Structures are given as C-alpha cells and as structure tokens.
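In: Structure of the sequence below:
(one chain, ligands or ions: 1)
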Amino acid sequence: MVQIVWFKRDLRSIDHQPLAEAARLGAMMPLYVVEPDYWAGADVSARQWTATAGALAELRARLAALGAPLVVRAGRVVDVLARIDRAVGVSGVFAHQETGNFWSFERDKQVRAFCRARDIALHEYPQSGVVRGLRNRDLWGGLHAAFVNAPQIDEPARLVGLERVKLGEIPDAAALGLAADGCAQPQPGTRRAALDLLGGFFAGRGASYRAGMASPLSGASCCSRLSVPLATGAISIREVLQRAFAERRQAVLSPAATNPIPLGAIDSLIARLHWHCHFMQKLESEPSLEFRAVHRAHEQARRPTPADDPALDAWATGMTGYPFIDACMRSLIATGWLNFRARAMLMSFASYHLGLDWQASGSRLARLFTDYEPGIHWPQVQMQAGATGINTPRIYNPIKQGKDQDKDGIFTRRWVPELAEVPLAYLHEPWLMGGVASYPPPLVEHLSAIRAARARLSDIRGSADYQATAQHVFARHGSRRRTLNNDHPSKFRSTAKARRKTIGTQTTLDL
Ligand SMILES: Cc1cc2nc3c(=O)[nH]c(=O)nc-3n(C[C@H](O)[C@H](O)[C@H](O)COP(=O)(O)OP(=O)(O)OC[C@H]3O[C@@H](n4cnc5c(N)ncnc54)[C@H](O)[C@@H]3O)c2cc1C
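Out: Reported below is the predicted structural model:
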C-alpha cells in the first residue's frame with residue numbers, strides 16, 4: 001500500500017503540509033497528473049503550461065534528492081488513481097485544497113467521490129489564507145491572519161519512495177496539444193525564480209514600487225513579479241508574506257536612509273499579498289463567479305459576446321486604434337505579464353467602451369496571463385467590468401492613461417511600431433493628425449462610447465432591489481476593512497484623486 005501526495009498548483013516541497021504528513025507514514029508516491037481536459041479549456045494556454053512544466057522539473061529534482069522523485073502521469077486523475085490502486089493499493093491521498101477554475105472544482109468533487117467509493121482516505125489541507133466552507137466574511141480576517149502567521153511546514157528530511165516506478169515524461173506544450181501563443185519565453189514559475197525575485201525586490205528593485213507600479217514600463221521592473229511562482233505554487237503565499245514581515249521588522253529597526261527599499265514599499269507589497277487571498281476567497285466561496293455575475297441585476301443584463309466577435313478580436317490582438325490599449329495588449333501577448341493598472345484598463349475598455357461581455361474578454365485575458373490564477377482573475381474581471389455591485393464602477397480613459405503612464409511614449413512606440421514616427425503630442429490620439437495609414441482608426445469614439453456605457457450602468461444600478469442585492473454580495477464577499485462600493489485595493493486613493501479632478505478626465509461613476 002502507498003500514500004499518494006497529489007500535487008496540483010502547489011509545486012514545492014517547503015511549506016507543503018500534504019507532503020510532510022504523508023512522509024511521516026512511510027512509503028509514498030509524489031504524483032502530478034497532466035490533465036488534457038484541463039489544458040483544453042478556454043482559459044488556459046501554452047505559456048501557463050511552460051511555466052508549470054519548469055516548476056515540475058525543479059520539483060522532480062528536489063524530491064529525488066529527498067528520496068522519492070515526482071511521478072508524472074497523463075489522463076483523468078480518477079483513472080490514474082484507479083490504476084495505481086489496482087497495481088499497489090492506495091491507502092491515502094494527501095493534497096492541498098485548490099481554489100481553481102470551475103473545471104478543477106468539479107474534478108475535485110469526482111476525486112472525493114472516487115476516494116469515498118474505494119475507502120481511500122483523502123486528506124485535504126488549506127494552502128493559503130483562503131478558508132473552505134466560509135459562510136460570510138465576518139471572521140475571515142482573523143482566520144487569514146492565523147494561517148499566514150503560523151509557522152511554515154518544514155521540508156521532510158527524507159522521503160521513502162516506491163522502487164521501480166516509471167517516472168513518466170513532463171510533456172512540452174506542443175505534446176499537450178497547446179498551440180504556440182506568441183510568448184516564446186514566459187516568466188519561470190520555479191522556486192529558484194521566486195527566491196531571486198524576492199531577494200532582488202528587497203535588495204533595491206522594489207525601491208520605486210509605489211511610484212512605478214501604475215506604469216507598464218516601470219512596473220515590469222519594480223513590481224515583485226511573484227505572481228507566476230505563486231500561481232504554480234512553487235512558493236507559498238505564507239513564505240512570501242513571512243519574508244515581507246521579516247524585512248519590515250528589519251526596516252523599522254534601521255535608519256530609513258540605510259534601508260534598500262522604503263518601508264512604504266514593503267507595506268504596499270504586504271497589502272497586495274493580502275489581496276491575493278481576499279480575491280481568491282471570493283471564488284472559493286462562489287465558484288460560479290467564473291461564468292455568472294455576482295450581482296443578479298448585472299447577470300440579467302448580460303448579452304453574450306460570440307468568440308469570433310470582430311471587436312473582441314481587435315481588442316485581443318492589439319488593434320483597437322487606441323495606442324496605449326494596443327501597446328498594453330501587444331506587450332501582454334509577447335511577455336505574458338502586465339501590471340495591475342493596465343490589466344484593469346484593458347478590462348474596463350473591453351466592457352465599457354466596446355460593450356463586450358466580461359466572460360469572453362476575461363477568457364482571452366486569462367490565456368494571455370502566465371500567472372493565471374482563477375481565484376484572482378475572475379473576481380477582478382467582474383470588478384473591472386462593473387458587475388459586482390459592491391465596487392464603484394471605474395471607466396478608464398485610455399488617452400489619459402497613455403499620457404500619464406507613458407509620458408515619453410517609449411512603451412507605446414515599442415509595442416506599436418506603426419506609430420514610431422508620430423510626434424509625442426499626437427502619439428496617444430493619432431487621429432487628431434489625420435491618422436497613420438498602417439494603424440487602424442479608433443474602433444469606437446471615446447466620449448460617445450462611455451456615455452453609452454454610463455447609460456447602461458445607470459439602468460442596471462437604478463433597478464428596484466439593486467442596493468439590497470449589493471448588501472448581500474457585500475456580506476458574502478466584501479472586505480471588512482472597507483465599505484460597500486469600496487472593496488478595492490486602490491480604491492481610497494483613486495476615489496479621492498478622481499473627486500479632485502474635473503469631469504472629462506478619468507471617469508469614476510458614483511451612481
Ligand atoms: C482584470 C485583472 C485580472 C487579473 N488576473 C490575475 C491573475 O490571473 N493572476 C494574478 O496573480 N493576478 C491577477 N491580477 C492581479 C494583479 O494585476 C497581478 O497580481 C499583478 O499584476 C502581478 O504582478 P506582480 O506579481 O508583480 O504584483 P505585485 O504588485 O508585486 O503584487 C504581489 C502579489 O500580490 C498579489 N496581488 C497584487 N495585486 C493584486 C490585486 N489587485 N488583486 C489580488 N492580488 C493581487 C499577487 O499575488 C501578486 O503577485 C489581475 C488583475 C486584473 C485587473
């Protein structure tokens with residue numbers, strides 16, 4: 001008989017409770033199942049698999065050094081488990097709870113049923129501050145804090161693996177049937193990469209984190225870039241947070257001038273790491289968020305966007321005629337990463353300017369993110385599309401964003417080379433100088449598009465029981481540190497800023 005440690009989005013050996021628990025019991029098999037049905041989904045892509053495959057290779061080497069290399073099999077998890085059970089007998093399956101997409105949620109139900117039917121003990125452990133079975137958010141803050149402050153789980157000193165087991169190949173993206181997606185070298189999702197990123201951030205790279213994170217140009221170097229190894233699970237959110245807490249303690253004790261990065265940058269990172277679990281909790285509590293708007297009135301108002309919609313395609317390929325939108329999208333296609341502000345702006349443009357349904361645009365974005373994390377992605381997609389009812393809708397002005405976040409035009413000219421010769425004064429509005437032959441005219445006119453979007457929103461938000469439903473949504477999903485309409489990490493600053501500005505710049509709708 002053997003214990004199986006089933007690895008999913010937790011490709012590490014440190015701070016891994018299932019591995020530690022199984023290791024105590026004797027012979028075990030660390031197992032990863034490549035699931036073709038998952039990799040055929042509309043939200044996944046070659047870049048995500050490439051990052052995952054790198055993390056698997058690293059994990060295999062580490063587990064081999066401990067005594068039991070990772071076994072890789074392809075197929076449905078229940079079929080793979082059944083084969084192993086027939087061959088050697090499975091006494092227990094040890095795994096982390098996964099807050100994945102709806103597909104993985106359903107797969108986990110099958111695995112639970114399978115284990116029950118075969119009398120195999122299934123041990124599932126939390127792997128972040130996300131709490132399973134939570135009814136509302138009242139107690140979440142305390143539970144989350146208890147988890148992230150608890151000691152990390154030590155890597156087992158030694159593993160006892162089964163003899164003569166074929167390890168199985170880690171396929172490449174093509175072997176898995178994933179089409180090349182324009183991102184030849186996605187950011188690695190390994191532990192080694194995570195430790196390098198953490199070290200570099202605290203040694204000085206993060207010094208301009210607060211000032212630089214809003215621009216895709218500066219954000220690429222001053223943001224932590226931890227999202228990919230967090231998504232593969234090569235490093236735990238607890239390890240990252242505890243490292244940040246330790247750096248903070250050190251920074252508080254040292255004279256400010258000697259700190260490689262300011263205290264404020266560390267605090268901003270800690271806040272965002274907190275939001276990681278806050279958002280994932282939403283999908284954990286309501287898995288249908290992937291395809292159903294969290295607020296009933298927004299769900300009823302949805303009009304599906306066909307996958308071959310020309311506006312969707314223009315947006316997803318960086319051909320909208322709005323230079324900063326297209327630069328952000330093309331950069332994302334090539335690199336697999338984008339800063340938060342640009343992600344929010346792309347989603348806002350798709351939803352408000354183009355009137356696209358958030359699930360169609362959200363799936364296209366998901367595929368482009370190497371760091372695709374369903375629990376962050378879908379709640380963010382709905383929030384930026386104005387579908388939650390508990391956040392003040394925010395319509396980004398793509399011209400203003402371009403002028404603010406790419407003042408010198410370096411980013412836009414790099415990713416939209418058709419505009420390389422356009423003078424800076426016209427770069428973000430080339431139509432004002434009569435357009436450029438090789439670049440499309442704007443797909444929609446900014447002011448009339450947002451006027452139409454505001455009218456659509458007013459209709460929905462004016463419906464009879466809108467606020468009452470929003471209160472229910474807030475009870476279930478809202479941060480207890482915020483208030484209704486304010487459930488957003490950057491909300492306090494952005495609202496105050498927007499209020500100070502005159503109408504016609506950035507449009508924040510307080511309806
Ligand atoms: C429409 C949309 C979709 C998104 N989809 C994803 C996704 O699939 N995967 C993903 O990891 N992030 C997603 N984000 C959140 C955010 O943009 C990324 O986490 C961040 O840009 C990743 O870069 P970083 O690791 O350098 O972030 P940093 O700014 O260095 O932050 C560190 C970590 O904090 C967490 N974090 C930061 N910002 C947020 C936020 N606003 N909400 C929740 N967690 C946050 C992430 O884990 C991130 O890695 C999305 C945001 C939007 C607007």
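In: can you pull out the helices in the stretch 351-500 of the chain?
Out: 358-368, 374-384, 398-405, 410-415, 424-427, 446-461, 466-477, 491-500 (DSSP state H, counting those that start in this stretch).
In: What parts of this protein come near the ligand?
Out: Contact residues (Cβ under 6 Å from any ligand atom) of the chain with the ligand: 213, 223-227, 230-231, 269, 272-273, 275-276, 279, 339-340, 343-344, 347, 369, 371-373, 376-377, 380-381, 384, 489. For glycine as for every other residue, the C-beta is placed from the backbone atoms N, C-alpha and C.
In: Just the buried ones among those residues, please.
Out: Under a neighbour-count criterion of 16 or more other Cβ atoms under 10 Å, the subset of the residues of the chain next to the ligand counted as buried comprises 213, 223-227, 230-231, 269, 272-273, 275-276, 279, 339-340, 343-344, 347, 369, 371-373, 376-377, 380-381, 384, 489.
In: Identify the residue nearest the geometric centre of this structure.
Out: With distances taken as Cα atoms, centre = their mean, residue 373 lies nearest the centre of the chain, 3.5 Å away.
In: So residue 33, which state does it fall into?
Out: Of the three states, residue 33 takes strand under DSSP: H, G, I helix; E, B strand; the rest coil.
In: That one: what's it in contact with?
Out: Applying Cβ atoms under 8 Å, 6 or more residues apart in numbering to residue 33 gives the contacts 6, 72, 73, 74, 75, 76, 77, 80.
In: Nearest to residue 235 among those?
Out: residue 6 (19.1 Å; Cβ to Cβ).
In: ok, now which ones touch the residue nearest to the closest one when sequence neighbours are not counted?
Out: Of all residues not flanking residue 6 in the chain, residue 95 sits nearest, at 4.2 Å (Cβ to Cβ, 6 or more residues apart in numbering). If a contact means Cβ under 8 Å, 6+ apart, then residue 95 has 5, 6, 7, 8, 18, 122, 123, 124, 125 as its contacts.
In: Please report which of those has the highest neighbour count.
Out: With neighbours taken as other Cβ atoms under 10 Å, the top of the contacts of residue 95 is residue 5, carrying 29 neighbours.
In: Beta-bridge partners for that one, please?
Out: Going by DSSP bridges, residue 5 is paired in beta bridges with residue 30, residue 94.
In: host element of residue 202?
Out: Secondary-structure assignment from DSSP states H and E places residue 202 in helix 191-203.
In: before we move on, what SS does residue 36 have?
Out: Put simply, residue 36 is coil when judged by three-state DSSP.
In: Figure out the helix or strand that whatever residue of the stretch 1-150 of the chain ends up closest to the ligand lives in.
Out: Relative to the ligand, the nearest point of the stretch 1-150 of the chain is residue 43 (9.2 Å; Cβ to the nearest ligand atom). Of the helices and strands defined by DSSP H and E, none includes residue 43.
In: Then residue 298?
Out: With DSSP H and E as the criterion, residue 298 is inside helix 296-300.
In: buried stuff in whichever helix or strand comes after that helix?
Out: As assigned by DSSP H and E, the chain's next helix or strand after helix 296-300 is helix 310-316. The neighbour-count check on helix 310-316 (16+ other Cβ under 10 Å) flags 311, 312, 314, 315, 316 as buried.
In: which element follows helix 310-316 toward the C-terminus?
Out: Next in sequence after helix 310-316, counting helices and strands by DSSP H and E, comes helix 323-335.
In: quick one: contacts of that following helix?
Out: 181-183, 187, 216, 220, 315-320, 338, 342, 345-346, 349, 365, 368-369, 398-399, 401-402, 405-406, 411-412, 414-416, 419, 427-428, 430, 439.
In: Kindly recompute the last result at 7 Å.
Out: Helix 323-335 is contacted from outside by 182-183, 216, 315-316, 318-320, 338, 342, 345-346, 349, 368, 398, 401-402, 406, 411-412, 415-416, 419, 427-428, 430, using Cβ atoms under 7 Å, 6 or more residues apart in numbering.
In: distance between it and the chain's centre?
Out: Distance of helix 323-335 from its chain centroid, counting by Cα atoms, centre = their mean, to the nearest Å, is 18 Å.
In: Would you mind getting the angle between whichever helix or strand comes after that helix and helix 358-368?
Out: In the C-terminal direction, the helix or strand that comes right after helix 323-335 (DSSP H and E) is helix 340-348. Following axes from the mean of the first three to the mean of the last three Cα atoms, to 10 degrees, one obtains 140 degrees for the angle between helix 340-348 and helix 358-368.
In: packing partners for helix 340-348?
Out: helix 323-335, helix 358-368, helix 374-384, helix 398-405 (3 or more Cβ pairs under 7 Å, 6 or more residues apart in numbering; DSSP states H and E).
In: can you give me the mean pLDDT across it?
Out: Helix 340-348 shows a mean pLDDT of 98.
In: Residues contacting the longest helix belonging to the chain, please?
Out: Criterion DSSP state H: the longest helix present in the chain is helix 263-285. With contact meaning Cβ under 7 Å, 6+ apart, helix 263-285 is reached by 99, 128-132, 134, 140, 144, 206-207, 209-210, 224, 230, 237, 240-241, 244, 247-248, 251-252, 289, 374-376, 378-380, 476-477, 479, 489.
In: redo that, cut-off 6 Å
Out: Residues outside helix 263-285 that contact it (Cβ atoms under 6 Å, 6 or more residues apart in numbering): 99, 128-130, 134, 144, 206, 209-210, 224, 237, 241, 244, 247-248, 251, 289, 375-376, 378-379, 477, 479, 489.
In: And for stretch 350-358?
Out: Applying Cβ under 6 Å, 6+ apart, the contact partners of stretch 350-358 are 302, 304-305, 311-312, 315, 361, 381, 385, 395, 444, 449, 453.
In: first to last residue in it, what's the distance?
Out: One end of stretch 350-358 sits 8 Å from the other (Cα to Cα, to the nearest Å).
In: Could you do stretch 398-416 as well?
Out: 15 Å.
In: Might you calculate how far it sits from the centre of the chain?
Out: Here the centre of stretch 398-416 is set off from its chain's centre by 24 Å, with Cα atoms, centre = their mean.
In: If we go by neighbour counts, what in that stretch is buried?
Out: 398-406, 409, 411-413, 415-416.
In: related to what we said a few turns ago, what's the closest of the contacts of residue 33 to residue 200?
Out: Distances from residue 200 to these, taken by Cβ to Cβ, are shortest for residue 72, at 30.8 Å.
In: I'd like the next helix or strand past the helix or strand where that closest one lies.
Out: Residue 72 is located in strand 71-74, with elements delineated by DSSP H and E. Counting by DSSP H and E, the element after strand 71-74 in chain order, helix or strand, is helix 77-88.
In: contacts for that following helix?
Out: Where contact means Cβ under 6 Å, 6+ apart, the residues beyond helix 77-88 that reach it are 2, 33, 73, 90, 110, 111, 114.
In: and if you look at stretch 442-455?
Out: Outside stretch 442-455, the residues within contact range by Cβ under 6 Å, 6+ apart are 314, 320, 321, 322, 352, 353, 395, 507.
In: Wait, the residue nearest to the centre of the chain touches residue 230, no?
Out: No: in this structure, residue 373 is not within contact of residue 230 by Cβ atoms under 6 Å, at 7.2 Å.
In: Redo the helices of the stretch 351-500 of the chain as a markdown table? Include mean pLDDT and distance to residue 198.
Out: Formatted as a markdown table, the helices of the stretch 351-500 of the chain follow (pLDDT from 0 to 100; distance: least, Cβ to Cβ, whole Å):
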| stretch | mean pLDDT | distance to residue 198 |
| --- | --- | --- |
| helix 358-368 | 98 | 25 |
| helix 374-384 | 97 | 19 |
| helix 398-405 | 98 | 26 |
| helix 410-415 | 98 | 26 |
| helix 424-427 | 98 | 36 |
| helix 446-461 | 96 | 40 |
| helix 466-477 | 91 | 30 |
| helix 491-500 | 40 | 26 |
